[in-house]
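>>> Structure for the following, please:
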Amino acid sequence: MRIAHFGHSCVLVELHGKKVLFDPGTFSHGFEGITGLDAIAVTHQHPDHIDPNRIQALLDNNPNARLFSDPQTAQLREEPWEPVHAGNVITLGDLQITGGGGRHAVIHPEIPVIDNTVFQLGTPDDPAQLVHPGDSLWVPPVPVGVLAIPASAPWMRISEAVDYLRAVSPRTAFPIHFGIIHPDAQPIYFTRLSEMRPTETQFTVIPPETQKDL
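Modelled structure (predicted):
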């Protein structure tokens, strides 16, 4: 698969002949000009995962893209977003999309917990070739090829990120959700994840607006 990172949680995945863009949010950049998308997937409603001021430009440039989101975002938005619940399976040509998780990680007990859909891309025989968890630490029940792992968040400690990486134990992991970290401090998080990863996991960083074959 080919992956391009547009900052924070915004990731473009090309897999099985389809192009899927995840979480075009406020801390991401350059996604408005992307064309030729088969799908746009939003894990949850927070603006760092769907920018209300720039999403329309992306939709205008991709009028034929299917729109997938967590159920609450589908209710809140005027566009025809298709709600994806945990356990839902969607066929997009040769690509299978499977919903997982369902709830956002707890930020604070006094803050209501919202929907968060974990998106798994793959095939019927290998459904989690790529996993984008959004703002959650949900562990898929099947082997994972590539994991987009949150590096830092208001709802997470670095120890939780390490434990999540170990629990999933993917073939490859790359960090997302680090738009809230000063660039000079990002290597602190990346180094910790790299040094404490499972021995069978390769850890790689995809610089913003660049792409890698994984």
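
>>> Tell me who's in contact with D70.
V42, T43, H44, Q45, P83, V84, I114, D115, N116, T117, G134 (CB atoms under 8 Å, 6 or more residues apart in numbering). Placement of C-beta: from N, CA and C, glycine included.

>>> I'd say the third one and V118 touch.
If I follow you right, that is H44. No: applying CB atoms under 8 Å, one finds H44 not in contact with V118, separated by 10.1 Å.

>>> For the two, list the residues in contact with both.
Common neighbours of H44 and V118, counting by CB under 8 Å, 6+ apart, are G134.

>>> which residues touch the helix or strand where T98 lies?
Secondary-structure assignment from DSSP states H and E places T98 in strand 95-103. Defining contact as CB under 8 Å, 6+ apart, one finds that strand 95-103 is touched by 15-18, 20, 38-39, 41, 68, 84-91, 113-124, 127-128, 131, 133-134, 136, 138, 140.

>>> for stretch 172-191, same thing?
By CB under 8 Å, 6+ apart, stretch 172-191 touches 3, 5, 7-9, 11, 27-28, 48, 132, 135, 145-154, 158, 161, 165, 193, 197, 201-206, 212, 214.

>>> Pull out the buried residues from it.
Buried residues in stretch 172-191, counted by 16 or more other CB atoms under 10 Å: T172, A173, F174, P175, I176, H177, F178, G179, I181, Q186, Y189, F190.

>>> Restrict the contacts of stretch 172-191 to the buried ones and give me that as a ChimeraX selection.
Listed next is the ChimeraX selection for buried residues among the contacts of stretch 172-191, using 16+ other CB under 10 Å:
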select :3,5,7,8,9,11,27,28,48,132,135,145,146,147,148,149,150,151,152,153,161,165,193,197,201,203,205,206,212,214
